Each structure stands twice: as C-alpha cells, then as structure tokens.
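Asker: Return a 3D structure for these sequence lines:
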Amino acid sequence: MEQEVKTVSLGQYLARTVILASIGAFLIGLGVVIGNDIAGTARIITLLAVAGAGGVLGAIIGGSNFRRFVVPMRLIIQHVAVIAEGDLSGRLQGTRLGAMGPLGQTLDKMVLAWREIVEKMDALAEKLTHASQELYQVADQNSEAATQIAHVMDEIAQHADSQSIQTSANVQSMQEMEGRLDEITKTTMALAETSMKASQDARLGEATIKKAVAQMGLIDRVAGDTSSLVKLLNERSQEIGRILEIITGIASQTNLLALNAAIEAARAGEHGRGFAVVAEEVRKLAEQSEQSAQLIAQLVEEIQAGAERSMEAMNSFGLEVNSGRQLVEEAGKIFLSILASSEEVSSRLQVIKSTSEAVLAKAEELAKAVSHLHDLAEKTADGIRNAASASEEQVGSIEEITSAAASLSEIALDLKQVMGHFKL
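Answerer: Alright, predicted model coming up:
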C-alpha cells in the first residue's frame with residue numbers, strides 16, 4: 001500500500017530560497033554601498049539590483065535542487081515505506097530520480113536480492129513440507145511392514161540416498177542465503193547509522209539557527225539603543241539652538257548699546273573719545289559674537305539634520321533586522337522539518353533492520369535443521385545398507401526420522417509465516 005509522504009512543495013521551496021537569497025544579496029549590497037560610500041538614487045538602484053539578482057539566482061538554484069533532490073527523495077521515501085510493509089514487488093527503475101539515481105538503483109538491487117532470497121526460502125519451505133510428508137509416509141509404511149524390510153530395503157536405500165543428496169543441496173542453499181541476509185543486515189545497519197548522522201547534523205543546524213536568532217535580537221537591541229542616543233542628540237541640538245538664539249539676541253542688543261554709547265561719546269567731544277574707543281571695541285565684539293552664534297547655529301542645524309537622517313536609517317535598519325530574524329526563525333522551522341524526516345527514515349530503517357535480523361535468525365535455525373536432517377539422512381542410508389538383519393535398529397532409525405520430520409514440518413510452518421509478511 002502506497003503511503004503519502006509529506007514534503008515541501010515547489011512553491012514553498014522556491015519562496016524560501018528566493019527570500020533568503022534576496023536578503024543575503026541585499027545585505028551584501030548594503031555592505032558594498034556603505035563601503036564605497038554610494039548614496040542617493042545610486043544606492044537604491046544598487047541595492048535593488050543586487051537583491052533582484054540574488055533572488056533570481058536563488059530561484060534557479062532552488063528549482064534545480066528541488067528537481068534533483070526533493071522530488072526524487074519523495075519517491076524513494078515512498079518506495080522505502082512500501083518495502084517496510086513487506087511489499088517487494090515495486091521498482092524504482094525507470095523513475096526519474098535525477099541526482100538520487102544511484103541510490104534508487106542500489107535500493108532496487110537490494111530489493112531484488114531480497115526478493116530472490118524470499119522466493120528461495122518460500123520454495124525451500126515447500127520442499128521441506130513435502131519432504132516431511134514423504135518421511136511420514138515412509139515411516140508409516142516401515143512400521144506396518146517391519147516383516148517385509150528385506151524386500152523393500154533397496155527402495156528405502158534409494159529414497160535415503162536421494163534425500164541425502166537433496167538435503168546436501170539444501171544445506172548449501174541455506175548457507176548462501178545466510179550470507180546474503182547477513183549482507184542485507186549490514187547494509188541496513190550502515191543506512192541506519194547514516195540516517196542518525198543526518199539527524200545529528202540537523203540538530204546542529206537547529207542550534208545554529210537559535211544562536212542566529214539570539215544574535216539578531218542583540219543587534220535589534222543595539223539598534224534601539226543607538227536610535228535613542230541619536231534622538232537624545234537631536235534634543236540636545238535643539239536646546240543648543242534655543243540658547244544660540246538667546247546669545248544672538250544679546251549680541252544684537254549689545255551692538256545697539258555700543259552704537260548708542262558711541263553716539264553719546266561723539267556728543268561729549270574730546271572728553272568722550274576714550275569711551276568711544278571702548279564702545280567701538282564692544283560693538284565689534286558683539287558683531288563677532290553674533291557671527292559666531294550664527295555659524296554655530298548652522299552647525300547645529302546640520303547636526304540636527306544628520307541626527308534625523310540617522311534616526312530614519314536606524315528605524316529602517318530595525319525593520320530589516322526584524323525581517324531577518326523572522327527569516328532565520330523560518331529557516332529554523334525548516335531544519336525542524338528536516339530533523340523530523342530524518343528521524344522518520346531512521347525509524348523505518350530500524351524496522352527493516354529488525355525484520356532482517358528476524359529473518360536471518362529463522363534462516364540460521366532452518367539451516368541447522370536442514371544440516372541435522374542431512375546428517376540423519378546419511379546415517380539412515382548407512383544403517384539401511386548395514387541393517388539387512390537388524391530390523392529393530394531400522395525401526396529405531398525410522399522413529400528418529402519421524403521425529404526429525406515433525407521438527408522440520410514445524411520449522412517449515414514458522415518460515416511460511418515469516419514469508420507471509422512479504423509481497424513478491
């Protein structure tokens with residue numbers, strides 16, 4: 001039964017890739033324009049061009065990676081899920097797997113080898129069932145016709161020789177099957193270890209994402225503190241502007257008073273000449289103070305304008321930081337999804353590993369039983385050749401054969417039940 005596997009869609013994959021690529025390109029472009037002191041419209045055009053190019057490149061790479069890895073991996077996971085249910089009839093051959101083609105071919109080879117083993121084991125169980133039935137029949141005939149053993153001795157010897165040859169071939173087949181099952185088990189264990197390594201890497205990626213989110217939060221707080229300092233600078237500049245207005249007013253009044261003093265000194269004539277010189281110096285000093293105050297006012301206005309631009313830039317930077325943090329959090333969710341998929345694959349591989357080990361254990365038991373039966377068949381053949389005058393020993397051998405046939409029948413039934421789990 002084919003199971004549905006939840007994977008990311010092409011649109012979602014491209015959207016995430018394009019967003020991340022655009023943000024990365026935008027940040028790189030921002031570094032470039034700041035480093036090269038690009039301003040105004042050129043800065044905006046440069047940032048948009050770099051971000052757009054990054055988005056297009058991200059879409060191309062994302063689409064290629066989706067076709068090469070995500071789509072083939074979805075088919076492979078579905079196929080592995082079907083295999084885990086015991087269905088060995090499916091094939092990945094002819095399916096477009098892209099870069100995952102070698103993995104699909106290897107999986108098909110493994111399933112084909114497994115299927116051959118299951119078929120051989122099923123056929124062997126049938127043979128063992130028939131052999132046990134034949135042994136029962138032979139034992140019954142010998143127990144009923146103990147007085148006619150001499151007449152049927154040759155026929156029994158022929159059956160014993162045939163059984164010995166058959167069991168010898170079965171022993172060899174079981175040894176080959178054990179070797180193949182052992183290889184499958186080792187391969188499954190290697191796949192399980194690889195899956196566990198992928199899960200560990202996904203956990204490391206998730207931890208890195210969490211660190212990145214924390215760092216983005218720190219950057220956001222620093223940007224907020226910087227914005228507050230710029231705002232405070234703007235307020236202090238405004239206070240300085242108001243103080244300069246007062247100084248300018250005082251300088252104007254001082255200049256006016258110096259002018260009035262000069263007029264009064266002129267009226268005083270010779271007696272007011274010294275006072276006129278002082279008044280002139282005071283007037284010049286007032287004019288210089290007023291000019292200095294105006295220059296300082298211009299500088300304060302420039303500082304205020306720069307502070308306002310800095311506040312706007314910090315606000316924009318804060319928005320970009322928040323956006324970047326959201327994208328990093330989204331990437332963290334993707335890592336969680338990858339981790340869940342890796343753990344699911346690891347779980348299914350553990351099921352396959354357990355099934356392989358169970359089949360291998362049953363195969364070992366069956367091999368021991370077949371080997372034991374082979375030994376018994378050889379002993380029976382030797383006993384028949386040497387038992388022309390020993391009917392009692394022949395009856396004892398027949399009882400041993402009957403017991404071995406019953407044990408063999410039970411093992412064949414157990415093997416049939418295990419094989420019933422698979423669909424060929």
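Asker: What is the neighbour count of Gly52?
Answerer: 14 (other C-beta atoms under 10 Å). Backbone N, C-alpha and C define where each C-beta goes, glycine included.
Asker: As a check, name the ranges of all helices in the stretch 1-150 of the chain.
Answerer: Ranges of helices in the stretch 1-150 of the chain, per DSSP state H, counting those that start in this stretch, are 10-35, 40-65, 71-84, 101-144, 149-268.
Asker: Quick one: mean pLDDT for the longest one?
Answerer: The reference is to helix 149-268. Average pLDDT, helix 149-268: 68.
Asker: The first one now?
Answerer: Predicted confidence along helix 10-35 averages 76 (mean pLDDT).
Asker: Run through the neighbouring helices and strands of that helix.
Answerer: helix 40-65, helix 273-386 (3 or more C-beta pairs under 8 Å, 6 or more residues apart in numbering; DSSP states H and E).
Asker: Count the neighbours of Ile240 for me.
Answerer: 16.
Asker: hmm, I was thinking of Ile250
Answerer: Ile250 has 14 nearby residues by other C-beta under 10 Å.
Asker: Look at Ile61 and say how many residues are nearby.
Answerer: 14.
Asker: for Ala49, same thing?
Answerer: Using other C-beta under 10 Å: Ala49 sits among 12 other residues.
Asker: now Ala266
Answerer: For Ala266, using other C-beta under 10 Å, the count is 13.
Asker: now Ile219
Answerer: With other C-beta under 10 Å as criterion, Ile219 counts 16.
Asker: Could you check how far it is from Leu27?
Answerer: 12 Å (C-beta to C-beta, to the nearest Å).
Asker: One more: Ile19?
Answerer: Distance, Ile19 to Leu27, by C-beta to C-beta: 13 Å.
Asker: Same question for Lys333.
Answerer: From Lys333 across to Leu27, the span is 21 Å (C-beta to C-beta).
Asker: So for these two, which sits in the more crowded spot?
Answerer: More crowded of Lys333 and Leu27, by other C-beta under 10 Å: Leu27, with 16 against 12.
Asker: Domain map for the chain?
Answerer: 1-83, 103-419 (automatic domain parsing).
Asker: my guess is Gln294 meets Thr248, correct?
Answerer: Yes - with contacts counted by C-beta atoms under 8 Å, Gln294 reaches Thr248, the gap being 6.8 Å.
Asker: neighbour count winner among the two?
Answerer: Set side by side, Gln294 and Thr248 show more neighbours around Thr248, with 18 against 14, by other C-beta under 10 Å.
Asker: Ala297 versus the more buried one, what's the distance?
Answerer: For Thr248, the distance to Ala297 - C-beta to C-beta - is 7 Å.
Asker: With Thr355 instead?
Answerer: From Thr355 to Ala297 the distance is 87 Å (C-beta to C-beta).
Asker: Counting neighbours, go ahead and name the busier of the two.
Answerer: A direct count of neighbours by other C-beta under 10 Å for Thr355 and Ala297 places Thr355 higher, at 20 against 17.
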